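A.B. asks: Need coordinates for the below:
(chains A, B and C)
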Amino acid sequence: MEPLPRSFYERSPDEVAIDLLGKVLVRRLDDKILSGKIVETEAYFGKDDPASRAASGKKKFNLAMWEEVGKAFIYMVHNNWLFNVVAHEPGKVGAVLIRAVQPLEGVEVMKVNRGVDNIKNLTNGPGKLSKAFSITKELNLVDVTDPKSPLLIVEGKKESFEIGKSKRIGVSRDLDVPMRFFIIGNEFVSRKC
DNA sequence: AGGAAGATCTACT
DNA sequence: GTAGATCTTCCTA
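C.D. replies: Here you go, the predicted structure:
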């Protein structure tokens, strides 16, 4: 399956966040392939967004948000690695947080990584999916549009679904605009709403 | 050195 | 469904 082209990420983060729903996240380990359908995302902007890691200016750890679009941006919060994809219009700053996926391949490996048996509890949250997919800082800045990369995003099956919107979760200072997007009715979305 | 951080788990009302 | 304790890095002073 072909990775999404870099141009896919060269748009406003909220558009990219919506279009990423239904796409497939693929993690390539030494001998195993893990994959999952993206069911929940959030958009983050640059300095106009108080919740964004980019809000306080360019730092070492958030350099990725200024980088070329289509790269992974990974950072730690509360003992959890959170996985983002850099996405923004040319000359701007932004990223899309992947909040939840639905496991497709490699479910057994994910169970071992997470230490739980319940499928629905494997990847239904940003920190959980990182553990399940063994995503750590090592993967910061990998190119998710490169077929050879250990972490990439590919086109999913054609299917129709309804897209729900809400405010972002756990953010101390959110914008007034809904910036969280999810597939309505999917069991793996982190919270109902 | 001190504190904040986009979360998770567990234990309840 | 909500509430509280607690986890590890990185930033700021």
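A.B. asks: Show me the contact partners of stretch A:45-52.
C.D. replies: Contact with stretch A:45-52 is made by A:13, A:44, A:54-55, A:57, A:65, A:88, A:92-95, A:168, A:171-175, as judged by C-beta atoms under 8 Å, 6 or more residues apart in numbering. Any C-beta I mention is one placed from the backbone N, CA and C, and that applies to glycine too.
A.B. asks: no, scratch that, I was asking about stretch A:106-115
C.D. replies: Here stretch A:106-115 makes contact (C-beta under 8 Å, 6+ apart) with A:27, A:29, A:32-35, A:103, A:117, A:119, A:121-123, A:128, A:131-134.
A.B. asks: of the residues you listed, list those near DNA strand B.
C.D. replies: Among the contacts of stretch A:106-115, the residues within reach of DNA strand B (C-beta under 7 Å from any atom of the strand) are A:121, A:128.
A.B. asks: among the contacts of stretch A:106-115, which are in helices?
C.D. replies: The helices, defined by DSSP state H, take in A:128, A:131-132 from the contacts of stretch A:106-115.
A.B. asks: May I ask which of those residues has the most neighbours?
C.D. replies: A:Ala132 (27 neighbours; other C-beta atoms under 10 Å).
A.B. asks: Return the distance of that one relative to A:Lys167.
C.D. replies: Separation of A:Ala132 from A:Lys167 (C-beta to C-beta, to the nearest Å): 26 Å.
A.B. asks: picking that back up, among the contacts of stretch A:45-52, which lie within strands?
C.D. replies: Using DSSP state E, the subset of the contacts of stretch A:45-52 located in strands is A:44, A:95.
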